[in-house]
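Peer 1: whatever this is, show me its structure:
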Amino acid sequence: MKTDNNYNTNCNNQNGVYFAPQQNNLQYQQPAQPQGVNVQGGYYMPPYTPLKKEYKPFEKNDTLFFILTLITSFLLVDFAFFNGFKLGFTVAYYVLFALTTAYLYRRKNKISVFPLLCGALSLTGAATFTLYNNTLINTIMLFLVLGLYCIYVLGISVGFSHRSGSFKMLIDLAESVVIDTFGGVENVVGSAGASSKKNKKPLYILIGVAVSLPFLAVIIPLLAKSDAAFEALIGKIVLNIGKYVLEIVISVIACPFIFSYLFNKRSDKKPKRTAKSGNAQVIASPITVSFLSMISVTYCVYLLSQLAYFFSAFNGILPDDYEYTASAFARRGFYEMFAVCVINVGLIIAAGVLTKRTGKKLSPAVKGLSCFISLFSGVLIVTVMQKMKLNISIYGLSVNRVLVTTLMIMIFIMLAFFILHIFAPKISYMQPIIIVCSAIFIALSFADSDALCARYNINAYKSGAIESLDTENIRMSSDSALPYLIELANDSDRVIANRAMHEFVQYVFYSSDITFSDNKAKLVIDGSNNDLRSYNLARVNAYKKAAEFYDNADKNSKETMQKDIWLIENCYYDEYENAYFDYSHGDHSVVYRYNPKTGNYDIVENDYENY
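Peer 2: Modelled structure (predicted):
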C-alpha cells in the first residue's frame, strides 16, 4: 500500500472516510464507539442532554411567609379593591408593609436613611385614605405610596446597583419591579417543587383540608339551625359567596407575584446587584450644544417679545385690536407654559445623561445652556404662578388649581436641584427631590383640599372678592365639602341658601347610604357607613351633618326637600333651563321651573312647546 504526505491511500473506501496523518510519530486512533451505535462518516456525536436547573427548597421562614402573603393578598383584594380605597386599604397596606419588613430585614444589610424615609412617607400617605376621599388626589396618592414602597423594599434588601442619588436609581427600581415580580415566579415555583419533594408536610396539610370539606358541609348547617347568631353569620356569607369566591381566586393568582417580588430580594437568595457596565453617553458634545443653543435662542426671542407689555417701542408686536383684561391674561397660555416647563426638565436630564464627557466632566457649554434653560423654566413657573394667582382671585379656588400649583412648586424644586447638580456633580439630587416632593404632596392631601377650596370660596364670595359662588361645584366635590354646603343652606342670604338647599338634596339622592323619611333622616344600616373596611372619616362626618341638618329643618324646608327628591326620581332635569320636565301626562308635559324668589321649583302647565 502506497502513501503520500497528506492522506492515507485508503481514502477511497466505501464510507468515504479520511484518516488524519500521523503527527509526532503517534499513530492516530479513532475514538472508541459505543456498542450498538451505527456511526456514519467516521465521527460520533453524543446526544444533547440539557442541564437541569437546581432550585433551593423553601426554608421554614419561606413557607410561613408564603402563607402570610396569601392572607395579605386576600386582605388587599377584599379590603381595598372590593370595599373602596378607604380604611380597608390603610389596614391592608400596613399589614403588607409589616410582612415585607419582617421577611426582608436583615441586620447585616447596610441600610441608608433614604429608603427608611420613603417607607415612613408611604405609611403616612396610606393613612390619608382613611381620612379623605377625593378621587383624584387618592389616585395620585396610591401611585405615590406604591412607588415609595418599592424604594423601601429595594433599599432594605439587595440594594441599588447605581447611586441612589442619581436618576439611574429609577432604572434599578423598574428592573426590580418587572424582573423580580414576573420573571422571578419560576424561582418560586421551582423552590416550592423542591420543597415538596423534601418535605411532604404542606401536601399533607392540603389533603387534610380537602378531606374536611365534606364533613363541614354537614356540620355547618346543623350548627346554623342550633343558633340564631351563627345562622345569621352563615346566611350573610352564603349571600356573598360569589363575591368571596372571586376574591379568593384573584388572591390566589396575585399571591405568587407578590411573593416572587419579595422572595427574589432576600439577600441570602439572590446576590447583590452589580452596576451595569454600559455607557449611556452616546451623543457628541457639539450636537448637544447646537441643539440646546437653538432651544435657548427661541426662548430669548420669547423673552424679548414680553417687552411689548411694558415698553411702547415694542407695541407693534401686539395685535391692533388687542385688549388687555385680567381674565384673558389669567386663562391664555397657562397649560402651554406648564407643558414647556415639563419638556425643559426632560431636555436637561437627557442632555446631562446622553452627552459624551471629556474625562468625567461635562462640557462647559452644555452646562451653561442647561443652566439657562433651567432659569428660563424658573421664569415660566413664576409667570404661571402669577397667572394662577390672578385666576384664583377672579374665579376662586378649585382642587385642580391647587394640584397644578403644587405640581409647579415640585417642578421648581426639581430645577433648583438640577442647577445645583450641574455645578456640583457629586451632590445627590434624586433623593432630596423624591423626599421633598413626596412630603409636599402628602401634606397637600392632609390639608383636605376640598374643604379648603369650599371654605375659601365661601369667604371670598361673602367678602366680595369673587362675584359668584358655584354651589354645584361644592356639591360635586368630595364629602369633605358637604358641611360647607350645609352652612350655606343656613345662610341669611336666601338666594344662595335656596340654591345650596337644592344642591344638598342632590347630594342626598345620589348617596346610597342615607335616605329621608317624613320627619327624620335615616342612615342605611347595611351601607358602607356601617362597614369598617369602607370607613372614611370625611364620609361619616358628612352623613352625620346631613342627618342633623334634615332633623333640625322646619316643616316647609322638609317638604321642599322631599319634593326635590320626587322631581329627581320622576322627571327629566334640563341643566340649561334649570327646570324639571314631567313627560308622564300624555300629549303635554308639566314643567317645574326654578323660582329664585321663592327658592322652589314651581309648576308651569303645558310649557313644553315653548322650550
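Peer 1: average pLDDT across stretch 63-77?
Peer 2: For stretch 63-77, mean pLDDT is 89.
Peer 1: next one: stretch 567-579
Peer 2: In this model, stretch 567-579 has a mean pLDDT of 83.
Peer 1: shaky segments in the stretch 151-300 of the chain?
Peer 2: 161-166, 191-207, 209-210, 213, 238-240, 267-281 (pLDDT under 70).
Peer 1: show me where it has its strands.
Peer 2: With DSSP state E, counting those that start in this stretch, there are no strands along the stretch 151-300 of the chain.
Peer 1: so which strand or helix has the spatially closest residue to A489 that is not a sequence neighbour?
Peer 2: With CB to CB, 6 or more residues apart in numbering as the criterion, A489 has its nearest non-adjacent residue at 4.2 Å, and that residue is A500. C-beta here means a position set from N, CA and C on the backbone, and glycine is covered the same way. For A500, the host element (DSSP states H and E) is helix 494-509.
Peer 1: which elements pack onto that helix?
Peer 2: For helix 494-509, the packing partners by 3 or more CB pairs under 8 Å, 6 or more residues apart in numbering; DSSP states H and E come out as helix 471-476, helix 482-489, strand 514-516, helix 537-552, helix 555-570.
Peer 1: as a markdown table, these with mean neighbour count would be great.
Peer 2: Formatted as a markdown table, the helices and strands packed on helix 494-509 follow (neighbours: other CB atoms under 10 Å):
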| stretch | mean neighbour count |
| --- | --- |
| helix 471-476 | 18 |
| helix 482-489 | 22 |
| strand 514-516 | 18 |
| helix 537-552 | 18 |
| helix 555-570 | 15 |
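Peer 1: so which of these is nearest L223?
Peer 2: helix 537-552 (34.8 Å; CB to CB).
Peer 1: ok and the closest one relative to helix 555-570, angle-wise?
Peer 2: If you take axes from the mean of the first three to the mean of the last three CA atoms, to 10 degrees, helix 537-552 sits at 120 degrees to helix 555-570.
Peer 1: and the spatially closest residue to I220 that is not a sequence neighbour, how close does it get to K168?
Peer 2: Counting by CB to CB, 6+ apart, I220 lies nearest to I234, which is 6.4 Å off, once chain neighbours are set aside. As judged by CB to CB, to the nearest Å, I234 and K168 stand 56 Å apart.
Peer 1: which one's more surrounded, these two?
Peer 2: Shown here are I234 and K168; by other CB atoms under 10 Å, K168 has more neighbours (18 against 15).
Peer 1: quick one: that one and M430, what's the gap?
Peer 2: Between K168 and M430 the computed distance is 8 Å (CB to CB).
Peer 1: check V177 too.
Peer 2: For V177, the distance to M430 equals 17 Å [CB to CB].
Peer 1: ok, residues contacting the stretch of helix or strand L452 belongs to?
Peer 2: In the assignment (DSSP H and E), L452 maps to helix 449-463. Helix 449-463 is contacted from outside by 132, 134, 137, 396-399, 402-403, 466, 468-470, 474, 477-481, 483-485, 487-488, 496, using CB atoms under 8 Å, 6 or more residues apart in numbering.
Peer 1: just the buried residues of these.
Peer 2: Taking 16 or more other CB atoms under 10 Å as the criterion, what is buried in the contacts of helix 449-463 is 132, 134, 137, 396-399, 402-403, 466, 469-470, 474, 477-481, 483-485, 487-488, 496.
Peer 1: just the buried positions in the helix holding A500, please.
Peer 2: For helix 494-509, by 16+ other CB under 10 Å, it's 496-509.
Peer 1: just for the stretch 451-600 of the chain, where's the confidence low?
Peer 2: In the stretch 451-600 of the chain (pLDDT under 70), the answer is 512-513, 516-530, 585-588.
Peer 1: one more time with 90
Peer 2: Low-confidence segments of the stretch 451-600 of the chain (pLDDT under 90): 461-473, 475-478, 489-503, 505-535, 539-600.
Peer 1: surely F259 and I67 touch.
Peer 2: No. Shown here, F259 and I67 do not form a contact pair, counting by CB atoms under 8 Å, at 9.8 Å.
Peer 1: so which of these two has more stuff around it?
Peer 2: F259 (26 against 14).
Peer 1: now that one, nearest residue through space, not along the chain?
Peer 2: Nearest residue to F259 in three dimensions, chain neighbours excluded: T69, at 4.4 Å (CB to CB, 6+ apart).
Peer 1: now do the contacts for that neighbour.
Peer 2: L99, C255, I258, F259, L262.
Peer 1: mind checking the longest helix of the protein?
Peer 2: In the chain, taking DSSP state H as the definition, the longest helix is helix 364-395.
Peer 1: quick one: which of V177 and M430 has more around it?
Peer 2: Neighbour count, other CB under 10 Å: between V177 and M430, M430 has more, with 20 against 16.
Peer 1: distance check, that one against S251.
Peer 2: The gap separating M430 from S251 is 35 Å, by CB to CB.
Peer 1: go ahead and flag the most central residue of the chain.
Peer 2: For the chain, F143 is the residue whose C-alpha lies nearest the centre (CA atoms, centre = their mean; 2.3 Å).
Peer 1: sec struct for that one, please.
Peer 2: Remark: F143 carries the secondary structure label helix [criterion: DSSP: H, G, I helix; E, B strand; the rest coil].
Peer 1: so for it, what's the pLDDT?
Peer 2: F143 carries a pLDDT value of 95.
Peer 1: can you give me every residue that contacts it?
Peer 2: Residues counted as contacts of F143 (CB under 8 Å, 6+ apart): none.
Peer 1: give me the neighbour count for the closest residue to S438 other than its chain neighbours.
Peer 2: Using CB to CB, 6+ apart and skipping the chain neighbours, the partner closest in space to S438 is L121 (5.0 Å). When neighbours are defined as other CB under 10 Å, L121 has 22 of them.
Peer 1: please apply the same query to G147.
Peer 2: G147: 17 neighbours (other CB under 10 Å).
Peer 1: with I171 instead?
Peer 2: If you count neighbours by other CB under 10 Å, I171 ends up with 15.
Peer 1: which stretch of helix or strand covers V604?
Peer 2: Going by DSSP H and E, V604 is in strand 600-605.
Peer 1: which parts of that strand are buried?
Peer 2: N600, Y601, V604.
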